[in-house]
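Novice: Predicted coordinates and the sequence they were generated for:
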Amino acid sequence: MKEQIGAINPGVEILIAEDSYTQAMHLKRILQKKDYKVSMTHNGEEALSSIKKNKPNIVVSDVVMPEVDGYELCRQIKSSDEFKDIPVILLTTLSEPEDIIKGLECGADHFITKPYDENFLLSHIQYIFYNKELRKNAGTDFGVEIFFGGRKYYLTSDRMQILDLLFSTYEAVLNKNRELEQLNKELKKSLETIKTLKGLIPICSTCKKIRNDKGFWQQLEIYLQAHSDAEFTHGICPDCAKVYRKTMK
């Protein structure tokens, strides 16, 4: 049983940037259940305008959005002296290795894969706030140039941000693998319990016996038991009961 995760501070304000209204509302309900104050925007441009009016404690953004996507939103937040301390969580499918490089390049703090587990998301938000206080005096900025996927990238993220992002990416992948393993186990179990009868089955039009693969005629229930997981209990239908009573008179 998973431990329930609560908010660290009921006054914490979280800004959602998500172009899907359904997904944004789902995320909002998850956060509000833990007493977080939540506001919603539908793309990166709206999110930037909202941040300038009311600075949130954290931003949770989808990557794929119109106008300004999640990477560009994060890049603009992290390039601002006023807002660069705002932690940014990117919601992504992590379909390509370049996604991680882009996350490092724009300065993202955490990746969470979609669809996400509710407790998994909340635990990452707690992690960010716990560690933000511990790292206030850790000045570890540096720049490094890397070549990946035929392109050069220059990363100015600090070491702790890089570690956070890489660990969250690794944890997200492990979480996804656990989900896939469970689905595979359930699928395998289902396949093991299902047997399907296919093709033409010769059946006697009078006694309803079935001719098996070896040419022998078998009772219908015996044949089905041999080719499926069905079990039978015998009784008598109303029509046969009438015939039976007449023959007994």
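Specialist: Good, I have the coordinates.
Novice: Spell out which residues make up each domain of this protein.
Specialist: If you go by automatic domain parsing, the domain ranges for the chain are 13-182, 210-248.
Novice: export the ones you listed to a markdown table and tack on mean pLDDT?
Specialist: A markdown table is the format used below for these (pLDDT from 0 to 100):
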| stretch | mean pLDDT |
| --- | --- |
| domain 13-182 | 81 |
| domain 210-248 | 76 |
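Novice: Out of these, which one sits most buried?
Specialist: Most buried of the domains of the chain, by mean neighbour count (mean count of other Cβ atoms under 10 Å): domain 13-182, with a mean of 17. Backbone N, C-alpha and C define where each C-beta goes, glycine included.
Novice: Which element, helix or strand, includes L187?
Specialist: Assessed by DSSP states H and E, L187 sits inside helix 159-193.
Novice: ok so, going back, any chance of the domains of the chain in a markdown table with distance to I201 as columns?
Specialist: As requested, the domains of the chain are exported to a markdown table (distance: least, Cβ to Cβ, whole Å):
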| stretch | distance to I201 |
| --- | --- |
| domain 13-182 | 37 |
| domain 210-248 | 6 |
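Novice: mind listing the helices for this structure?
Specialist: Secondary structure of the chain by DSSP state H: the helices cover 21-32, 44-53, 70-78, 98-106, 118-134, 159-193, 220-227, 238-248.
Novice: Quick one: distance of the first one to the chain centre.
Specialist: Between the mean C-alpha point of helix 21-32 and the mean C-alpha point of its chain there is a distance of 15 Å (Cα atoms, centre = their mean, to the nearest Å).
Novice: and it, C-alpha only, in CSV?
Specialist: Extracted C-alpha coordinates of helix 21-32, given in CSV (Å, rounded to 0.1, in the frame of the first residue of the first chain):
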residue,chain,number,x,y,z
TYR,A,21,-7.9,21.3,-20.7
THR,A,22,-8.8,17.8,-19.5
GLN,A,23,-5.3,17.0,-18.5
ALA,A,24,-4.8,20.4,-16.8
MET,A,25,-8.0,19.9,-14.8
HIS,A,26,-6.9,16.4,-13.8
LEU,A,27,-3.5,17.7,-12.6
LYS,A,28,-5.2,20.6,-10.8
ARG,A,29,-7.5,18.3,-8.9
ILE,A,30,-4.5,16.1,-7.8
LEU,A,31,-2.6,19.2,-6.4
GLN,A,32,-5.6,20.8,-4.8
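Novice: which helices and strands does it pack with?
Specialist: On a contact count with 3 or more Cβ pairs under 8 Å, 6 or more residues apart in numbering; DSSP states H and E, helix 21-32 meets strand 13-17, strand 37-41, helix 118-134.
Novice: what packs against the longest one?
Specialist: Using 3+ Cβ pairs under 8 Å, 6+ apart as the contact criterion, the secondary-structure elements in contact with helix 118-134 are helix 21-32, strand 58-62, strand 88-92, strand 110-113, helix 159-193.
Novice: and if you look at the first one?
Specialist: In this structure, strand 13-17 makes packing contacts with helix 21-32, strand 37-41, helix 44-53, strand 58-62, judged by 3+ Cβ pairs under 8 Å, 6+ apart.
Novice: Dump these to TSV, plus distance to T206.
Specialist: As requested, these are exported to TSV (distance: least, Cβ to Cβ, whole Å):
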stretch	distance to T206
helix 21-32	59
strand 37-41	70
helix 44-53	75
strand 58-62	66
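Novice: quick one: which of these is nearest K189?
Specialist: Closest to K189 of those, according to Cβ to Cβ: helix 21-32, at 29.6 Å.
Novice: any idea of the angle the closest one forms with helix 118-134?
Specialist: Inter-element angle recorded for helix 21-32 and helix 118-134: 60 degrees (by axes from the mean of the first three to the mean of the last three Cα atoms, to 10 degrees).
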